[in-house]
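Novice: predicted structure and sequence below. I'll ask about it afterward.
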Amino acid sequence: MTEHVVILGGGTGGTVLANDLADRLEPELDTGDVRVTLVNDDPEHVYKPVWLYVPFGQREPDDGRRPLDELVADAVDLQLDRVSDIDTEAQRLQFDGSAGSVGYDYLVVATGSTLQPDRIPGLREGGHDYYSESGATELRDELLAFTEGDLVLSVIGTPHMCPAAPLEFVMMADDWFRERGLREEVDITYTYPIQRVHGNPHIAEWARPIMEERDIEVETFFNAESVDPEAETITSMEGTELDYDLLVTIPPHAGTDLVEAAGLGDDGWVDVDKHTLEAEAAENVYALGDAAATGVPNAGSVAHYQAGVVGQRLASEIRGRPATATYDGKTLCFIETGMDAASFVEFDYESPPSPAPPSEKLHWSKLAYNESYWLTARGLL
Amino acid sequence: MTDIEPDETVDARGAACPGPLMDLIGKVRSAESGDVVRLLSDNDQSLTDVPEWTDEAGNELIAVEERDDYNAFYVEKA
Ligand SMILES: Cc1cc2nc3c(=O)[nH]c(=O)nc-3n(C[C@H](O)[C@H](O)[C@H](O)COP(=O)(O)OP(=O)(O)OC[C@H]3O[C@@H](n4cnc5c(N)ncnc54)[C@H](O)[C@@H]3O)c2cc1C
C-alpha cells in the first residue's frame, strides 16, 4: 500500500521538507511505496528576507521569487491549489472551489503567517510595512522620497516573522540617512509592546545601548491601538500618542484560519509538542515553521531545521521504526546593524543568544546567505 | 482563593517570556471596559511583567492567586 505524505505550504519549511523526503525516501518513492505531494497556492516560491532591502532600493521583489517547480525534486508531486479545509478525522484536504480533495496518511502543515492589519483601526490607510511584497514596494516609494520629519517604526504584537527585522530596519535607516547627509533632518522612533526593545532579554540588552548611541528614540510598553491617518498619529493602549510623517509597522500576525477551523490551535497556529513537532489535537499531523507554536522565533532558519527533524521522523514512521529525531529549538539569525555591518546570534531551548560584535564580514555573510538560499530550498545546503 | 469570576481566561502555561504578557495584552485588547481577564502563567517573569504593564496601561491588577505550580492574574480593563 502506498503511504501518502502531503505537505501543505511550499514556503521555506515545506519546500526544504519536500526535497529532504525526496532524498531520504528515494528507494520507496522509486518503487511507489511512498508518494509525497506538496500543495501551494502560488506557482512561485517566495523568499521573504529580500523584502528588508527593497525599501532602501537595494533589492527587487523578483530577487525573492523562483518557480516552485524549479526548486522541487521531480519525485515530488507538486499541486498548485489553495486548500480551504483540513479534515483530520477523514485525513483529507479540500481544495478551494471545485478542484476536489486529497487524502493523506501523514500531513505536514507549513502554511506560515498571515498579516492582519485590519485589527488596528486606521493602520491599513496610515501605515506601511515591508512584511509583504506589495508593502515593501509601496514603502520604497515613500522612503526614497523621504528627506525630513518623524519616521516611526512600531512593532504591533508578537509573535511576528523574523523578530530581528524591526531592529534591522531602524539601524539600517539610521545609517542610510547618515550616509546621505539627512540624519539631522530625520527623527527615528522605535516602539515595542513590552518593557524592552526585543522579546529576548539578551538581544534587547545588546540592542538598547546601540540605539541610544545612534539617537534612535525608543518607546517601550507601546501596544498600538489605533492610527489616525488624517492627523498622522499613532496611539497606544497605554495612552501614548506619537506624531509621524512616515509610519512603518510590523502589522499584527496570525497563522491561518484553516488551522483554527480544523481545531488544531488558536489564532491559526498549530499546537505542537515543541520537540517532536507533532500536532497535539490530531493523529498523523505535524506542523513546522511559522505555523507551529513552539515559542521560538518565526524564522526561516527555524523552518529549515524543523524540516530536517520532521523528515527524519516521517521516514522512520514509514519504515516502521521508532521516530527518535527531535527539535532542540535551534535558531540562527544574522542581524543587520547598518548598511554594511551585521551581527549574528545562535540559540536554542537551553542556551540563550549572545550577539556577535557587528562587522562588515557578518554583513557579507548575510548577503551571501541570501544568494545561496536557493540551494537551501533545493535541499543542497 | 478569590471568588472573582473572570470574563475571559488566557492559559499561557508552558509559554516562555514574553509569551504570557503578550497573550494577556492580546486578550485585554479585545475585551470590553470593565471586563476581567484571567491569565494563567507558570513563568516567574510574569510576576514582574504583569504588574508593570497593568500599571503602565492604567488597567487594574485586582488579584494574583498562587496555585501549586502556576499563578493566576486577574486584570480588570479600564
Ligand atoms: C522582512 C522579513 C525578513 C525576514 N528575514 C529573515 C531572516 O533574515 N532570517 C530568517 O531566518 N527568517 C527571516 N524571515 C522569516 C521567514 O521568511 C519566515 O519565518 C519563513 O518564511 C517561514 O517559513 P514557512 O515555511 O513556515 O512559511 P512561508 O515561507 O511563509 O510559507 C508558507 C507557504 O504556505 C502557502 N500557503 C498558505 N496557506 C495556504 C493554503 N491554504 N493553501 C495552499 N498554500 C498555502 C503560502 O503561499 C506559502 O508559500 C523574514 C521575514 C520577513 C517578512
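Specialist: Now that the structure is in, tell me what you want to look at.

Novice: do me a favour and get the end-to-end distance for stretch A:73-80?
Specialist: By C-alpha to C-alpha, to the nearest Å, the extent of stretch A:73-80 from end to end equals 15 Å.

Novice: ok, that stretch near the ligand or not?
Specialist: No. Using C-beta under 6 Å from any ligand atom, stretch A:73-80 never reaches the ligand; the gap is at least 8.6 Å. Backbone N, C-alpha and C define where each C-beta goes, glycine included.

Novice: so what touches that stretch?
Specialist: A:10, A:18-19, A:21-23, A:26, A:29-30, A:35-43, A:68-69, A:72, A:102, A:379 (C-beta atoms under 8 Å, 6 or more residues apart in numbering or on different chains).

Novice: pull out the buried residues from that stretch.
Specialist: A:Ala73, A:Ala75, A:Val76, A:Leu78, A:Gln79 (16 or more other C-beta atoms under 10 Å in any protein chain shown).

Novice: and which of those is nearest the ligand?
Specialist: Checking the buried residues of stretch A:73-80 against the ligand with C-beta to the nearest ligand atom, the nearest one is A:Gln79 at 8.9 Å.

Novice: what helix or strand does that closest one sit in?
Specialist: Assigned by DSSP states H and E, A:Gln79 belongs to strand A:77-80.

Novice: for the record, mean pLDDT for that strand?
Specialist: Mean pLDDT, computed over strand A:77-80, is 96.

Novice: distance from that strand to the middle of the chain?
Specialist: 22 Å (C-alpha atoms, centre = their mean, to the nearest Å).

Novice: so what strands line up beside it?
Specialist: When pairing is defined by DSSP bridges, strand A:77-80 lines up against strand A:34-40 (parallel).

Novice: who touches the partner strand?
Specialist: Applying C-beta under 8 Å, 6+ apart, the contact partners of strand A:34-40 are A:2-11, A:14-15, A:18, A:21-22, A:25, A:28-29, A:68, A:72, A:75-81, A:83, A:93, A:102, A:318.

Novice: just the buried subset of the residues you listed, please.
Specialist: Judged by 16+ other C-beta under 10 Å, buried ones among the contacts of strand A:34-40: A:3-11, A:14-15, A:18, A:21-22, A:25, A:28-29, A:68, A:72, A:75-76, A:78-79, A:81, A:83, A:93, A:102, A:318.

Novice: ok so, going back, list the buried residues in the helix or strand that the strand holding A:Gln79 is followed by.
Specialist: Sequence-wise, the next helix or strand downstream of strand A:77-80 (DSSP H and E) is strand A:83-87. For strand A:83-87, burial by neighbour count (16+ other C-beta under 10 Å) applies to A:Val83, A:Ile86.

Novice: so what does strand A:83-87 touch, helix or strand wise?
Specialist: For strand A:83-87, the packing partners by 3 or more C-beta pairs under 8 Å, 6 or more residues apart in numbering or on different chains; DSSP states H and E come out as strand A:92-95, helix A:257-261.

Novice: out of those, nearest to A:Glu278?
Specialist: Among the helices and strands packed on strand A:83-87, helix A:257-261 comes nearest to A:Glu278, with 14.6 Å by C-beta to C-beta.

Novice: which parts of chain B sit against chain A?
Specialist: Counting by C-beta under 8 Å from any C-beta of the partner chain, chain B comes close to chain A at B:15-19, B:21-22, B:25-26, B:28-29, B:49, B:52-53, B:56-58.

Novice: go again with 10 Å.
Specialist: Within reach of chain A by C-beta under 10 Å from any C-beta of the partner chain, chain B has these residues: B:10-11, B:14-19, B:21-23, B:25-26, B:28-30, B:45, B:48-49, B:52-53, B:55-59, B:77-78.

Novice: please pick the buried ones from those.
Specialist: B:10, B:15-19, B:21-23, B:25-26, B:28-29, B:49, B:53, B:56-57, B:59, B:77.

Novice: so of those, which ones are in strands?
Specialist: Residues from those lying in strands, with DSSP state E as the criterion: B:Val10.

Novice: and the helices in the stretch 51-200 of chain A, which stretches?
Specialist: Using DSSP state H, counting those that start in this stretch, the helices assigned to the stretch 51-200 of chain A run over residues A:68-71, A:123-126, A:133-144, A:165-179.

Novice: by proximity to the ligand, which residue of the stretch 51-200 of chain A wins?
Specialist: Distances between the stretch 51-200 of chain A and the ligand by C-beta to the nearest ligand atom are smallest at A:Gly112, namely 2.6 Å.

Novice: which residue of chain B sits farthest from its center?
Specialist: In chain B, the residue that sits farthest from the middle, by C-alpha atoms, centre = their mean, is B:Asp68; the gap is 16.9 Å.
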